[in-house]
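Colleague: got a predicted model here, sequence first, then my questions.
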Amino acid sequence: MMLRVLVAAASALVLGACGTLPRPAAQDVATQSWSGDYRFQWAAGTQAARRGLPAPSQIRIRPITSAKEVPGAKADGNGPQWAISFVGEPGAPLPLTPFKAQGYEEMGWAVMRAGGKIACLESGSFMFVCRTHPGTTLSFGRQNDEQLTTKTGLFGVALHQGSFELTPLD
């Protein structure tokens, strides 16, 4: 009996080393929580970076439990809502809602979404934030002429400013 167990274990090691064992699927990014505090950094070459627009030092994303909490939040049945606030800066938090399928299609990310490789939240036409796997390169822009390779897997785009990366703060 013990010999059979050792042979099975050795076989599993050999098959794993040869790459014939199925690899575990990458975690579906849509199931991960958005809640947290993040450092915000403009991507190099964006309009905001070229103009020297200061980045907010810290942003906070949290769930909205009631539409009355955040001006502009609506209970529209499009899934859970979140709020993004710029810590230490004036202004009310902005509501964030999940991208609709059309948003992913317009960005060319429908296949990624179907595979659980990207999830996005939007704040109207002002800004969106997305979660994907670190190291992913994405194209976007009017003619897919802008690219961003995410270091953290958390990024966004602000209208007329460009893309940014979010780094979770501990």
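Modeller: Noted; the coordinates are in hand. Numbering: from 1, shown residues only.
Colleague: ranges for the helices of the protein?
Modeller: Shown for the chain, the helices assigned by DSSP state H span residues 2-18, 47-51, 101-107, 110-114.
Colleague: for the most centrally placed residue in the chain, name its beta-bridge partners.
Modeller: Centroid-nearest residue in the chain, with Cα atoms, centre = their mean: residue 131, separated by 1.3 Å. Under the criterion DSSP bridges, residue 131 forms beta bridges with residue 119, residue 154.
Colleague: identify the residues contacting it.
Modeller: 29, 30, 32, 34, 118, 119, 120, 153, 154 (Cβ atoms under 8 Å, 6 or more residues apart in numbering). All C-beta atoms are positioned from the backbone trio N, CA, C, and that covers glycine.
Colleague: what is the lowest-pLDDT residue among those?
Modeller: Lowest in pLDDT among these is residue 30, which has 70.
Colleague: and it, what does it touch?
Modeller: Contact analysis of residue 30 by Cβ under 8 Å, 6+ apart lists 113, 116, 119, 131.
Colleague: so can I have a markdown table of the residues you listed showing distance to residue 107?
Modeller: Shown next, in a markdown table, are the contacts of residue 30 (distance: Cβ to Cβ, whole Å):
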| residue | distance to residue 107 |
| --- | --- |
| 113 | 9 |
| 116 | 16 |
| 119 | 12 |
| 131 | 14 |
